[in-house]
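got a sequence here, can you build the structure:
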Amino acid sequence: MSKQIAIGFIGLDTSHVSAFAKLLNDEKAEYRVPGGKVTAAFPGGSPDFELSANRVEGFTKELKESYGVEIVSSPAEVAEKCDAIMLESVDGRVHLEQFRAIAPFGKPVFIDKPFTVSTEDAREILRLAEEHNVPLMSCSSLRYSEGLSHALADAEKGAVIGADCYGPMAIQPTQPGLFWYGIHTVEMLYRTLGRGCVSVSVTTNEDHDLVTGVWKDGRIGTIRGNRKGNNTFGELIHREKGSQFVDVYAHPKPYYASLLEAVMELFENGKEPIDREETYEIIRFIEAANESRSTGQTVSL
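Model (predicted):
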């Protein structure tokens, strides 16, 4: 590209901003992603969410001192100063309010997980994006892990007929149920099976969740969420002629870099790599799973 894209961050309360800033601004970084530079950021932070409030100061200092990022006083000021925006606030409850402030600028936006923590907020963000012609993308970095991408590209064993994903599923009250860590495995499942889930049921206890989704074509996808020691992610993809194990840690390229490459495509040409309706369905899937966790009943999407 002839022009380097000026990228703005909104929300400096997650380690993601440190990882993304290094990949964009550090020319010596391994797996550096070219084409853009983080130039401005709004710290944000949620006072009632400890994992947000107690991290803002440290990441703000790091971006300012290590990467020369200008710290500004509002999301709108980020949008004014930058060509593209990464909405990184770790608290999904604030994403609609922050997006509403920047949507009128019509600049491309990546919203880090969770997109929102309700379908109402998700639909309103999508409406605003349509109204202001905002190129938009939202997902977890696990969606772009090299292990998963390589497995999906290898169709030697035929069509995908199902998938079983697993990962840590810590619970945070402000990001209910699967919205906190469960969303990573939900994203892996949707990258594999795509849209079309019609019902969700959950078996849960203090240590584990087992989420079962049934797709309209009869495929079944599961998510095993763990709160008892094992913090690794993985997946089994079931195909017509056999199954594939997905090791998301096997490739040395970090999934943050793979995700950022997709984000830069959005920023450079405005082409959205993920169907907006899939992004919406993921939020509805999680809502339905959370309802099933509470009631013990199967919930329709």
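
and the strands in the stretch 201-301 of the chain?
For the stretch 201-301 of the chain, applying DSSP state E, counting those that start in this stretch gives strands covering 208-215, 220-226, 234-239, 242-246, 299-300.

residues of the longest one that come out buried?
This points to strand 208-215. Under the neighbour-count criterion of 16 or more other CB atoms under 10 Å, strand 208-215 has 209, 211-215 buried. The C-beta positions use only the backbone N, C-alpha and C, and glycine is treated the same way.

that one vs strand 220-226, what angle?
160 degrees (axes from the mean of the first three to the mean of the last three CA atoms, to 10 degrees).

against Leu87, how distant is Phe59?
To Leu87, Phe59 is 15 Å away according to CB to CB, to the nearest Å.

list the contacts of the residue nearest to Pro254 when sequence neighbours are not counted.
Using CB to CB, 6 or more residues apart in numbering and skipping the chain neighbours, the partner closest in space to Pro254 is Tyr31 (6.5 Å). Applying CB atoms under 8 Å, 6 or more residues apart in numbering to Tyr31 gives the contacts 23, 253-254, 257.

filter these down to the buried ones.
Of the contacts of Tyr31, these count as buried by 16+ other CB under 10 Å: 23, 254, 257.

I figured Phe233 hits Thr185, correct?
Yes: assessed by CB atoms under 8 Å, Phe233 is found in contact with Thr185 at 6.8 Å.

break down this protein into its helices, ranges please.
For the chain, the helices defined by DSSP state H cover 15-25, 50-53, 56-67, 75-81, 95-102, 119-131, 146-153, 182-193, 255-269, 276-295.

in this structure Glu277 contacts Tyr190, no?
No: with contact defined as CB under 8 Å, Glu277 does not reach Tyr190; the gap is 11.2 Å.

between those two, who's got more neighbours?
Each of Glu277 and Tyr190 has its neighbours counted (other CB atoms under 10 Å); Tyr190 has more, 26 against 10.

which ones are touching the nearest residue to the more buried one once chain neighbours are set aside?
Leaving aside its chain neighbours, Tyr190 sits nearest to Ile282 (5.6 Å; criterion: CB to CB, 6+ apart). Contacts for Ile282 (CB under 8 Å, 6+ apart) come out as 115, 183, 186-187, 190.

how long is stretch 14-33 end to end?
In stretch 14-33, first residue to last residue: 20 Å (CA to CA, to the nearest Å).

buried stuff in it?
So, applying 16+ other CB under 10 Å, buried residues of stretch 14-33: 14, 16-25, 33.

check stretch 60-74 too.
Buried residues in stretch 60-74 (16+ other CB under 10 Å): 60, 62-63, 67, 69, 71-72.

pick out the most distant pair among those.
Greatest spacing in these, by CB to CB: Glu62 and Val72 (16.3 Å).

run the chain-centre distance for stretch 205-223.
On the basis of CA atoms, centre = their mean, to the nearest Å, stretch 205-223 is displaced by 20 Å from the centre of the chain it belongs to.

next, the distance between the ends of that stretch.
14 Å.

got the contact list for that stretch?
160-167, 169, 178, 182, 185-186, 189, 192-193, 196-204, 224-228, 285, 289, 292-293.

if I pick the residue lying closest to Gln4 once chain neighbours are set aside, what's in contact with it?
In space, and not counting its chain neighbours, Gln4 is closest to Lys37: 5.7 Å by CB to CB, 6+ apart. Lys37 makes contact with 4-7, 24-25, according to CB under 8 Å, 6+ apart.

now Lys37: how far from Glu268?
Taken as CB to CB, the span from Lys37 to Glu268 is 13 Å.

what do Phe233 and Thr185 both touch?
Here Phe233 and Thr185 have 142, 165-167 as joint contacts, going by CB under 8 Å, 6+ apart.
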